[in-house]
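> here you go, sequence then predicted model.
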Amino acid sequence: MSRETYNPWTVVNLVFNHLAAAGLHPVLGETGDPAVPASALLRALGIEPGREDEGPAAPAMQAHLADIRATMFPDVDEGRP
């Protein structure tokens, strides 16, 4: 069986949004790097934390998405929203 990995920042985002939706007021960064406990949680669940450059924010993924946008929307400038 191959090792499963998951980006700890995705866990941070999921938990942050869940707590906020429950009416709580989580803060980010005031008590340390939230990726550290998120990584510990993943390990406790038997999942290896992935690299921080994995997922949609990865530079390679952003470049790939930019290529797709340029192909699909050739008349739109990248600098415009």
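The structure has been received and is ready for your questions.
> if I look at residue 31, how far off is residue 37?
Residue 31 sits 10 Å away from residue 37, going by Cβ to Cβ, to the nearest Å. For glycine as for every other residue, the C-beta is placed from the backbone atoms N, C-alpha and C.
> look at those two and report which has more neighbours.
residue 37 (15 against 8; other Cβ atoms under 10 Å).
> check which helix or strand covers the more buried one.
helix 35-44 (DSSP states H and E).
> could you list every helix and strand that that helix packs against?
On a contact count with 3 or more Cβ pairs under 8 Å, 6 or more residues apart in numbering; DSSP states H and E, helix 35-44 meets helix 8-21, strand 48-49.
> what about 6 Å?
For helix 35-44, the packing partners by 3 or more Cβ pairs under 6 Å, 6 or more residues apart in numbering; DSSP states H and E come out as helix 8-21.
> could you chop the chain up by domain?
For the chain, the structural domains run 1-50, 55-81, going by automatic domain parsing.
> point to the residue nearest the middle of this structure.
residue 10 (4.0 Å; Cα atoms, centre = their mean).
> let me know the pLDDT of that residue.
pLDDT, residue 10: 86.
> got it, and residue 73?
Residue 73 is assigned 87 on the pLDDT scale.
> look up how far residue 63 lies from it.
16 Å.
> pLDDT on stretch 23-31, on average?
87.
> give the buried residues for it.
Neighbour counts over stretch 23-31 (16 or more other Cβ atoms under 10 Å) mark no residue as buried.
> alpha carbons only: can I get it in PDB?
Taking Å, rounded to 0.1, in the frame of the first residue of the first chain, the C-alpha atoms of stretch 23-31 are listed here in PDB:
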ATOM      1  CA  GLY A  23     -19.600  31.200  15.600                       C
ATOM      2  CA  LEU A  24     -16.100  30.900  17.000                       C
ATOM      3  CA  HIS A  25     -13.400  33.400  16.300                       C
ATOM      4  CA  PRO A  26     -10.200  31.600  15.400                       C
ATOM      5  CA  VAL A  27      -7.100  33.600  14.700                       C
ATOM      6  CA  LEU A  28      -4.200  32.500  12.500                       C
ATOM      7  CA  GLY A  29      -0.600  32.800  13.500                       C
ATOM      8  CA  GLU A  30      -0.900  34.500  16.900                       C
ATOM      9  CA  THR A  31      -0.100  31.200  18.700                       C
END
